[in-house]
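Trainee: coords please:
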Amino acid sequence: MIFHPNKHFKKHELYNGTLWLAGWINTAKGKLNYQFADHIIPDVRGQFALVWSGNDGWWLAMTDHLCTYPLWYTEDGEHVFSLWEQATAHDDQVDEVFYAMRDLLHGQMTVGTRTGRQDVKRVQPDHALDRGTQVRYRHSLDVTTDGPPMSEWGDRLYQSVKRNCADGDTLFLSGGRDSTTIANVAHHQGIRLRYVHVTRGEPNPDTDCTAAFADKLGISVDYINPWDQNIDYTEGDFWHDSSYAPKRTCLTQLKRRSGVSGELGASESGSKKINTILQMPDITVEQLTNIWITTLEARNENVASRLIHDDYTYEHTEYRFWRQAYEELIEYFENMYTEIRERTDDTHQLLKAVIMMHCQDHEVYRLHNYSQDMELVWKHPFTDPDWYDVIWNAPIELRRVHYHNREVYRIAARQWKWFDETAWKYGGPRGLTQ
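Mentor: Numbering: from 1, shown residues only. Model prediction:
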């Protein structure tokens, strides 16, 4: 196996082989060395990707719960890639085009089980690649409990921000509750962040919320309109997180190297499913998946539709799916739900599962562009596994998902008297309303 690293990966020569590691994990490298020697897939947590090449010929590749550092591999097991451009460069040598799985939107295969050619596939979140065979090493969605107890939420939020923010990092303060929560918690930890608000230069509620919040907290904010810099920006080119390009332009303009985003946050991308589920007790996995598809196609949750797609085309155009890709997509989520039903028959947990079952892929899409940036450093406090466990498994009722108001932050911050008067009071439920 030949691994093609990028600058995020650090190479470690261990006794039994070579380890490439991007990000951080909660397990010492010495312990990993012993586990790898016995061909054990380690149960690690963190924001990471790792590749192991053993002296005995055994090799392994792993990604975390959100593919913070995604990996792709050739079907013959000869190559593992750490950048999308590496994978596509390899695929350009292959004539057989096989568009498959679930991200044909906008004609880009950013993070699919298979890429735009049959020869290269992506390592799925919560999966490891054991000498070319994908195996799941963790179920992020816990259908046996409601996740960490609420008494731990505050500490988990605090630690997630502490681990992913440092003096001098630039936080993009949208005016929504995700970014104001990060700013608030970091400020009270004494972390000296820099703050940027992206604006088109026109009055809007987000800018008003940001200004009021900044005044209350006593911080200074740079208000920047990146479109003044003639930004080369087509929204569809930065799928699915369309705010990536403006953020990057702002950092470059300010000559800063490290940005902090509020991606994942309260992860309420399943909110538009709730009313439909309540109105349709016999709703199918295919109909639920179509709600997710139509939401992504238009980047607008108001257009979510349970209607089954019937607009296939054999000539790929935007907003159209190849029939095979659609069928594989539906099969993937039907199999996922079947596996969930084998783990529980509790109605409460099944409701949580159908709300959340598409969210992992949804959030992976949003992180993709950041992971491919080799010039700047991007940090995402809310993707920290400590906070991720709360978001993925907290009861739907407590999260108040259908109100889209990020209730989990207020629950987590009950121990902090300053929270309601700053992040909650001045942070709007939604940022970037423009």
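
Trainee: Where do the strands of the stretch 251-400 of the chain begin and end?
Mentor: 258-260, 377-379 (DSSP state E, counting those that start in this stretch).

Trainee: Highest mean neighbour count out of those?
Mentor: Mean neighbour count (mean count of other CB atoms under 10 Å) peaks for strand 258-260 among these, with a mean of 23. Any C-beta I mention is one placed from the backbone N, CA and C, and that applies to glycine too.

Trainee: quick check: domain ranges of this structure?
Mentor: 2-136, 150-267+364-426, 273-357 (automatic domain parsing).

Trainee: looking at the ones you listed, which is closest to residue 144?
Mentor: Closest to residue 144 of the domains of the chain is domain 273-357 (CB to CB; 6.5 Å).

Trainee: re earlier: and residue 145, which of the strands of the stretch 251-400 of the chain is closest to it?
Mentor: Closest to residue 145 of those, according to CB to CB: strand 377-379, at 28.9 Å.

Trainee: Give me the helices and strands touching the closest one, please.
Mentor: Here strand 377-379 touches strand 258-260, going by 3 or more CB pairs under 8 Å, 6 or more residues apart in numbering; DSSP states H and E.

Trainee: Name the strands paired with the strand it packs on and say parallel or antiparallel.
Mentor: If you go by DSSP bridges, strand 258-260 pairs up with strand 170-172 (parallel), strand 377-379 (parallel).

Trainee: how about TSV for the ones you listed, with distance to residue 122 added?
Mentor: Putting the strands paired with strand 258-260 into TSV (distance: least, CB to CB, whole Å) gives the following:
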stretch	distance to residue 122
strand 170-172	27
strand 377-379	19
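
Trainee: And those strands: which comes nearest residue 225?
Mentor: Comparison of those against residue 225 by CB to CB identifies strand 170-172 as nearest, at 13.7 Å.

Trainee: Pretty sure residue 164 sits against residue 377.
Mentor: No: using CB atoms under 8 Å, residue 164 makes no contact with residue 377, being 10.9 Å away.

Trainee: Point me to the helix or strand that includes residue 53.
Mentor: Per DSSP states H and E: residue 53 is located in strand 46-54.

Trainee: Which strands or helices does that strand pack on?
Mentor: Counting contacts by 3+ CB pairs under 8 Å, 6+ apart, strand 46-54 is packed against strand 17-25, helix 29-37, strand 59-63.

Trainee: Now tell me what touches it from outside.
Mentor: For strand 46-54, the surrounding residues in contact (CB atoms under 8 Å, 6 or more residues apart in numbering) are 1, 3, 5, 8-9, 16-26, 32, 36-37, 44, 58-64, 66-71, 80, 82, 164, 380, 383-385.

Trainee: chain center to it: distance?
Mentor: Relative to the centre of its chain, strand 46-54 is centred 18 Å away, using CA atoms, centre = their mean, to the nearest Å.

Trainee: now the angle from that strand to helix 29-37?
Mentor: Interaxial angle, strand 46-54 versus helix 29-37 (axes from the mean of the first three to the mean of the last three CA atoms, to 10 degrees): 50 degrees.

Trainee: what's the angle between strand 46-54 and strand 59-63?
Mentor: Orientation check (the same axes, to 10 degrees): strand 46-54 against strand 59-63 gives 170 degrees.

Trainee: sorry, back to before: tell me which of the strands of the stretch 251-400 of the chain sits nearest to residue 284.
Mentor: Proximity to residue 284 (CB to CB) singles out strand 377-379 among those, at 37.4 Å.

Trainee: what comes into contact with the closest one?
Mentor: So strand 377-379 is in contact with 164, 165, 169, 257, 258, 259, 260, 261, 370, 371, going by CB under 8 Å, 6+ apart.

Trainee: who's in contact with the first one?
Mentor: The neighbours of residue 164, taking CB under 8 Å, 6+ apart as the test, are 47, 260, 379, 380, 381, 384.

Trainee: quick one: the second one and residue 168 touch, right?
Mentor: No: using CB under 8 Å, residue 260 makes no contact with residue 168, being 10.6 Å away.

Trainee: May I ask which two of the contacts of strand 377-379 are separated the most?
Mentor: Maximum distance among those (CB to CB): 18.5 Å, for 165 and 371.

Trainee: shaky segments in the protein?
Mentor: 91-119, 229-242, 265-273, 275, 294-326, 328, 400-405, 423-424, 426-434 (pLDDT under 70).

Trainee: The residue lying closest to residue 387 once chain neighbours are set aside and residue 286, how far apart?
Mentor: In space, and not counting its chain neighbours, residue 387 is closest to residue 160: 4.1 Å by CB to CB, 6 or more residues apart in numbering. Distance, residue 160 to residue 286, using CB to CB, to the nearest Å: 35 Å.

Trainee: Show me which of these two is the more surrounded one.
Mentor: The residue with more neighbours, out of residue 160 and residue 286, is residue 160; 24 against 17, by other CB atoms under 10 Å.

Trainee: Now name the helix or strand holding that one.
Mentor: Using DSSP H and E, residue 160 sits within helix 153-164.

Trainee: re earlier: just send the domains of the chain back as TSV, with distance to residue 142 too.
Mentor: Below are the domains of the chain laid out as TSV (distance: least, CB to CB, whole Å):
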stretch	distance to residue 142
domain 2-136	12
domain 150-267+364-426	5
domain 273-357	9
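
Trainee: on that earlier part again, what's the most buried one of the helices and strands packed on strand 46-54?
Mentor: strand 59-63 (a mean of 24).

Trainee: quick one: that one to chain centroid distance?
Mentor: Averaging C-alpha positions (CA atoms, centre = their mean) puts strand 59-63 19 Å from its chain's average.

Trainee: And the next helix or strand past it?
Mentor: Next along from strand 59-63, by DSSP H and E: strand 72-74.

Trainee: Identify the residues contacting the residue of the chain positioned farthest from its centre.
Mentor: Centroid-distance maximum for the chain: residue 56 at 34.5 Å, with CA atoms, centre = their mean. Contacts for residue 56 were tallied using CB under 8 Å, 6+ apart; they are 16, 17, 37.

Trainee: Who are the contact partners of the residue nearest to the last one when sequence neighbours are not counted?
Mentor: Closest residue in space to residue 37, ignoring its immediate chain neighbours: residue 16 at 4.6 Å, by CB to CB, 6+ apart. When the contact criterion is CB under 8 Å, 6+ apart, the partners of residue 16 are 33, 36, 37, 54, 55, 56.

Trainee: Closest to residue 190 out of those residues?
Mentor: So of those, ranked by how close each gets to residue 190 (CB to CB), first place is residue 33, at 36.7 Å.

Trainee: Verify the stated contact: the closest one with residue 14.
Mentor: Yes: between residue 33 and residue 14 there is a contact at 4.4 Å, judged by CB under 8 Å.
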